[in-house]
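Novice: Predicted structure and sequence below. I'll ask about it afterward.
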Amino acid sequence: MVYFSKWKVVLVLAVCILGLVYAAPNLLNRADVERWSAELPGWLPTRTVNLGLDLQGGSHLLLEVQTDVVIQERMNALLDSARDALREGRIGYTDLEASGPRLSFSLRNPEDEARAREIAAGLEPNDARVQVDGSRVILELTEQAIQARESAAVEQSIEIVRRRIDETGTREPSIQRQGNDRILVQLPGIDDPERVKNLLGQTAKMTFRLVDDSVSVTDAQAGRIPPGSELLPSRDGGFEVVRKRVMVSGDTLVDSQPSFQDGQPVVSFRFDSLGAKRFGEATLQNTGRRFAIVLDNEVISAPRINEPILGGSGIISGSFTVESANDLALLLRAGALPAPLTVLEERTVGPGLGADSIAAGQTAAIVGLVLVIIFMALTYGLFGLFADLALVFNIALIFAALSILQATLTLPGIAGIVLTIGMAVDANVLIFERIREEIRNGRTPIAAIDAGYSRALTTIIDSNLTTLIAALLLFMFGSGPVKGFAVTLSIGILASMFTAIMVTRLMVVAWLRQKKPKVVPI
């Protein structure tokens, strides 16, 4: 254990130097680091540890996914399919309706019951059951199917929320599922929570439909709306009568960017190959008609199709400001939410608490570090100073790892670092006490040091491995601050093992080779 090959020496020194370099930006002001990052060479590290919501303030939102809307939309789709299938099968029916997870209709001719049951069963073959009550056929989704669709809607909503928040440039947001249908969103350092709420509150479901020019808006407002059409509000304050049939869906969009046309903010969009084909066919077959662009049941614009648009791209114009054009482009890029979100709880945390927490954490860390350094120096002399120097590298490696991983440091995370400072010298205490024991048994300095490191190694690995397993379990099953504590504790354990087994030993071996002592000053 007192032999170090050259490659090991180089490796240990390289890790220590890189740790100091990558941890150094955390000693500077964050604003200065961000300003200098544009001027410094790209290979220089400029990342710093991100501060969590409890340290720098921000917004806390608890959202609820309206999963009943997903079920209702599915049943509405089944209703249209049922209408077409019954007409194709020439089965007379009345009172076709969808309510909750049930779709039902009454038969005009009881003899059509077998065929009607077969048609209803074919609408949702694996996820619904069909029963007949008199002349009424009832199709109902199973409980498993409902739970699966609701769970999928929540998971998809989490992904869409994550995309939308990432597009705003928020650093290290925390987005977690809570319960069956809720999403917890924490946005550290956010300075415009209302804009984020507006972005998350919009479903952003965009469709392209034809305008129904066969009826005037006045007649539609009086209730004379043709079958297959509906009256929707327009962004300019008026109304438009549009067909319910969706010609092109917004889920085939692959890109959307804010732009300018004739000096006015607009939003450009581009479809994938399937969407481009449908869009091209729709504009080719309906040249001269008006095409409504509908976002969340509101007509953004309804331009006239002057010629077929075959390139798979277009422009949405309207009464946009620069910010609203940016927001719409962001929403379309991120995708549509499968169901609306409701804000159940909103809290804004000020930075004052964070400043107090940081100051208290810094004080605790400094006091703990100073006490550990004094204790090691008084107890183990020169070897204690070696351990103290290794402790400095240990702290540098922790902050370097947190910076590289772009981890979020919370108050429990600071507690993990403070705890690691105390634990960091445990391995050195085991080694040094073993060396003392070997010296008392009459061994020479080299033999005592070699035996101390080799025989304490197993104990060090066992003790740190059990703590590391506990930290990994906290990370796997914990959430939020608990995960932050687990991350800093895990990194601290790995760093302390490296510094105790490699860094301290390298310094002891270097001193041993240079001084060739007769007595070990421990």
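Specialist: Perfect, I can see it now.
Novice: What is the end-to-end distance of stretch 218-225?
Specialist: 10 Å (C-alpha to C-alpha, to the nearest Å).
Novice: If you could redo that for stretch 290-304, that was the one I meant.
Specialist: Start-to-end, stretch 290-304 (C-alpha to C-alpha) is 4 Å.
Novice: Report the rounded mean pLDDT for it.
Specialist: In this model, stretch 290-304 carries a mean pLDDT of 85.
Novice: Would you mind listing the buried residues in it?
Specialist: For stretch 290-304, the neighbour count (16 or more other C-beta atoms under 10 Å) marks 290, 291, 292, 293, 294, 295, 296, 299, 300, 301, 302 as buried. To be clear about C-beta, it is placed using only N, CA and C from the backbone, and glycine gets the same treatment.
Novice: before we move on, what about stretch 138-150?
Specialist: Quick answer for stretch 138-150 (16+ other C-beta under 10 Å): 139, 140, 141, 145, 146, 149, 150.
Novice: same thing with stretch 62-74?
Specialist: 62, 63, 64, 65, 66, 67, 70, 71, 72, 73, 74.
Novice: Among those, which lie within helices?
Specialist: 67, 70, 71, 72, 73, 74 (DSSP state H).
Novice: Determine which residue lies closest to the centroid of this protein.
Specialist: residue 162 (4.7 Å; C-alpha atoms, centre = their mean).
Novice: Report the separation between it and residue 349.
Specialist: 21 Å (C-beta to C-beta, to the nearest Å).
Novice: what's the answer for residue 258, then?
Specialist: 31 Å.
Novice: And residue 401, by the same measure?
Specialist: 27 Å.
Novice: Of these two, which one has the most company?
Specialist: A side-by-side neighbour count of residue 401 and residue 349, using other C-beta atoms under 10 Å, places residue 401 first with 21 against 18.
Novice: Which pLDDT value goes with residue 218?
Specialist: So, for residue 218, pLDDT stands at 87.
Novice: ok, back up a step: of the buried residues of stretch 138-150, which belong to strands?
Specialist: 139, 140, 141 (DSSP state E).
Novice: In contact with residue 139: list those residues for me.
Specialist: 78, 82, 102, 103, 104, 120, 121, 123, 124, 128, 129, 130 (C-beta atoms under 8 Å, 6 or more residues apart in numbering).
Novice: Filter those residues down to just the ones in strands.
Specialist: 102, 103, 104, 128, 129, 130.
Novice: What ranges does the stretch 351-500 of the chain have for its strands?
Specialist: 408-409 (DSSP state E, counting those that start in this stretch).
Novice: pLDDT below threshold where in it?
Specialist: 351-355, 357-358, 479-480 (pLDDT under 70).
Novice: rewinding a little: make JSON lines out of the buried residues of stretch 138-150 and add pLDDT and distance to residue 496.
Specialist: Shown next, in JSON lines, are the buried residues of stretch 138-150 (pLDDT from 0 to 100; distance: C-beta to C-beta, whole Å):
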{"residue": "139", "pLDDT": "89", "distance to residue 496": "63"}
{"residue": "140", "pLDDT": "89", "distance to residue 496": "60"}
{"residue": "141", "pLDDT": "89", "distance to residue 496": "55"}
{"residue": "145", "pLDDT": "88", "distance to residue 496": "52"}
{"residue": "146", "pLDDT": "89", "distance to residue 496": "51"}
{"residue": "149", "pLDDT": "87", "distance to residue 496": "48"}
{"residue": "150", "pLDDT": "89", "distance to residue 496": "46"}
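Novice: hmm, back to that, could the ones in strands among the contacts of residue 139 be laid out in a markdown table, adding neighbour count?
Specialist: A markdown table is the format used below for these (neighbours: other C-beta atoms under 10 Å):
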| residue | neighbour count |
| --- | --- |
| 102 | 13 |
| 103 | 26 |
| 104 | 20 |
| 128 | 20 |
| 129 | 13 |
| 130 | 18 |
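Novice: Put together CSV for these, with distance to residue 272 and pLDDT on each row.
Specialist: Formatted as CSV, those follow (distance: C-beta to C-beta, whole Å; pLDDT from 0 to 100):
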residue, distance to residue 272, pLDDT
102, 35, 89
103, 32, 88
104, 38, 90
128, 31, 85
129, 36, 88
130, 36, 88
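Novice: Among the residues you listed, find me the one that's closest to residue 478.
Specialist: residue 128 (39.0 Å; C-beta to C-beta).
Novice: Name all residues that make contact with the closest one.
Specialist: When contacts are counted by C-beta under 8 Å, 6+ apart, residue 128 touches 121, 139, 140, 141, 142, 145.
Novice: before we move on, the earlier item: among the ones in strands among the buried residues of stretch 138-150, find me the one that's closest to residue 439.
Specialist: Out of these, the member with the shortest distance to residue 439 (by C-beta to C-beta) is residue 141, at 77.5 Å.
Novice: mind listing what the closest one touches?
Specialist: Here residue 141 is in contact with 71, 74, 75, 101, 102, 124, 127, 128 (C-beta under 8 Å, 6+ apart).
Novice: before we move on, the earlier item: mind putting the ones in strands among the contacts of residue 139 in CSV, distance to residue 322 included?
Specialist: Formatted as CSV, the ones in strands among the contacts of residue 139 follow (distance: C-beta to C-beta, whole Å):
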residue, distance to residue 322
102, 47
103, 46
104, 50
128, 48
129, 53
130, 54
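Novice: before we move on, the earlier item: now, which of the buried residues of stretch 62-74 sits nearest residue 499?
Specialist: When those are compared against residue 499 (criterion: C-beta to C-beta), the nearest one is residue 62, at 41.8 Å.
Novice: Help me confirm that the closest one comes into contact with residue 200.
Specialist: No: the criterion here is C-beta atoms under 8 Å, and residue 62 misses it with residue 200 at 11.5 Å.
Novice: which neighbours do the two share?
Specialist: By C-beta under 8 Å, 6+ apart, the residues touching both residue 62 and residue 200 are 185, 343.
Novice: neighbours around the closest residue in space to residue 312 that isn't next to it in sequence, how many?
Specialist: Excluding the flanking residues, the one nearest residue 312 by C-beta to C-beta, 6 or more residues apart in numbering is residue 276, at 2.7 Å. Around residue 276 there are 19 other residues, counting by other C-beta under 10 Å.
Novice: State the helix or strand in which residue 276 lies.
Specialist: helix 273-285 (DSSP states H and E).
Novice: Buried residues, that helix. List them.
Specialist: 275, 276, 278, 279, 280, 282, 283.
Novice: Now do the longest helix along the chain: which elements does it pack against?
Specialist: Across the chain, the helix with the greatest residue count (assigned by DSSP H) is helix 351-405. If you count contacts as 3 or more C-beta pairs under 8 Å, 6 or more residues apart in numbering; DSSP states H and E, helix 351-405 packs onto helix 6-23, helix 53-56, helix 411-424, helix 426-440, helix 481-498, helix 504-515.
Novice: Pick the most deeply packed of these.
Specialist: helix 53-56 (a mean of 25; mean count of other C-beta atoms under 10 Å).
Novice: Please tell me I have it right and residue 307 contacts residue 287.
Specialist: Yes: using C-beta under 8 Å, residue 307 makes contact with residue 287 at a distance of 6.4 Å.
Novice: between the two, which one's more packed in?
Specialist: Legend: neighbour count by other C-beta under 10 Å for residue 307 and residue 287, higher for residue 287 (12 against 9).
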